[in-house]
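S.K.: Just to be clear, the model below is a prediction. Sequence and coordinates:
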Amino acid sequence: MSAVERGGQALDRLIVDVADYPQPGIVFKDITPVLADHDALVAVVGGLATAGRDADGAVHVDKVVGMEARGFILGPPVALDLGVGFVPVRKAGKLPREAHAVTYALEYGEATLELHRDAVRPGERVLLVDDVLATGGTAAATRDLVERCGGVVVAVAVLLELTFLPGRDAVAGVPVTALRPV
Ligand SMILES: O=P(O)(O)OC[C@H]1O[C@H](OP(=O)(O)OP(=O)(O)O)[C@H](O)[C@@H]1O
Ligand SMILES: Nc1ncnc2[nH]cnc12
C-alpha cells in the first residue's frame, strides 16, 4: 500500500469529534491531526485537487479560492498541485483594498466574508476549497462573491461534508467533491 493510500485510510481516525464546541449541541470536527500527518495531508491535497481536473486529468480551473481560516490551509497546496493561483476570501475588515462583502449564516452563527474586487477576473473558472461543508452558507456566500467579480464557481472541494445538513443544496448546480461524507 502506498503512503498516500495509508494516509487516506487514516483519515477517519485523524478527524476528531469534539462535543459541544463551540457551543452546546454542535459536534465540532477537528481536522488539525490530519494536517499534522504527512501521508494524510498528501492524500487530502491530492484528493481535493481532483475536483479541478477533468476525466483526462486536464486542469479546468483558473483559480482556487479558499475561505478563512481553514480554506487558507488546504487551498494553497491544492492550487500548487493544479498549477494555478490561490485567492483568499477573508472575514470582514481584513482586506486592505476595495472588496465585495456578503453576510451569511453558518452552523453556529453569522459572519461576513469579503473578496478583493479584482482578485477574480471576469470569466475565470474557480474551484472553492474548504475543510468542511456544513450548512453551505460559507460556500454559497463565496460563490456570490466570485460571481460579483464576474467569475464562475465550477466546483467545490471539501475534506468533510456533514450530510445531515443541506450544504450541497446551498451551492445547487455546482458539483461538490467531499473526501469524507459523514
Ligand atoms: O457550511 P457552513 O455552515 O458555512 O460551515 C462551514 C464553514 O465553517 C467553518 O468555518 P468557520 O466560519 O467556523 O471559520 P474558521 O475556519 O475561521 O474557524 C469551516 O471551516 C467552513 O468554512
Ligand atoms: N461541525 C463542524 N465542525 C467543524 N467545522 C465546522 N464548520 C461548520 N460546522 C462545523
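M.R.: It's in. Ligands and ions are numbered 1, 2, ... in the order given.
S.K.: what comes into contact with stretch 81-98?
M.R.: With CB atoms under 8 Å, 6 or more residues apart in numbering as the test, stretch 81-98 has contacts from 45-46, 49, 52-53, 59, 61-68, 71-72, 75-76, 79, 101, 111-120, 126-127, 142, 145. No exception for glycine: its C-beta is placed from N, CA and C like everyone else's.
S.K.: Which ones, among these, also lie beside ligand 1?
M.R.: Taking CB under 6 Å from any ligand atom as the test, ligand 1 is in contact with Met67, Glu68, Ala111 out of the contacts of stretch 81-98.
S.K.: need the residues of this structure near ligand 1, please.
M.R.: Residues of the chain lying near ligand 1 (CB under 6 Å from any ligand atom): 67-70, 106-107, 111, 130-138, 167.
S.K.: List buried members of these by neighbour count.
M.R.: Neighbour counting over the residues of the chain next to ligand 1 (16 or more other CB atoms under 10 Å) leaves 67-68, 70, 107, 111, 130-138, 167 as the buried ones.
S.K.: and Gly25, backbone torsions?
M.R.: Backbone torsions of Gly25, given as degrees, to the nearest 10, read phi 90, psi -20.
S.K.: May I have the residues that are in contact with it?
M.R.: Shown in contact with Gly25 (CB under 8 Å, 6+ apart): no residues.
S.K.: Please tell me how far it sits from Tyr108.
M.R.: Distance, Gly25 to Tyr108, by CB to CB, to the nearest Å: 9 Å.
S.K.: Can you say which helix or strand has the closest residue in space to Arg70 that isn't next to it in sequence in it?
M.R.: Nearest residue to Arg70, sequence neighbours excluded (CB to CB, 6 or more residues apart in numbering): Asp131, at 4.0 Å. If you go by DSSP states H and E, Asp131 is part of strand 125-133.
S.K.: now that strand: mean pLDDT?
M.R.: Mean pLDDT, strand 125-133: 98.
S.K.: Tell me the helix or strand right after that strand.
M.R.: Heading C-terminal from strand 125-133 (DSSP H and E), you reach helix 137-148.
S.K.: outside of that following helix, which residues touch it?
M.R.: Contacts of helix 137-148 (CB under 8 Å, 6+ apart): 65, 67, 89, 100-107, 111, 113-115, 117, 120, 126, 128, 130, 133, 152-153, 156, 167, 170-171, 174.
S.K.: Inside helices: which ones of these?
M.R.: Gly167, Ala170 (DSSP state H).
S.K.: Also within reach of ligand 2: list those from the contacts of helix 137-148.
M.R.: Leu106, Glu107.
S.K.: Are any of the contacts of helix 137-148 buried, and if so which?
M.R.: The neighbour-count test (16+ other CB under 10 Å) marks 65, 67, 89, 100-102, 104, 107, 111, 113-115, 120, 126, 128, 130, 133, 152-153, 156, 167, 170-171, 174 as buried among the contacts of helix 137-148.
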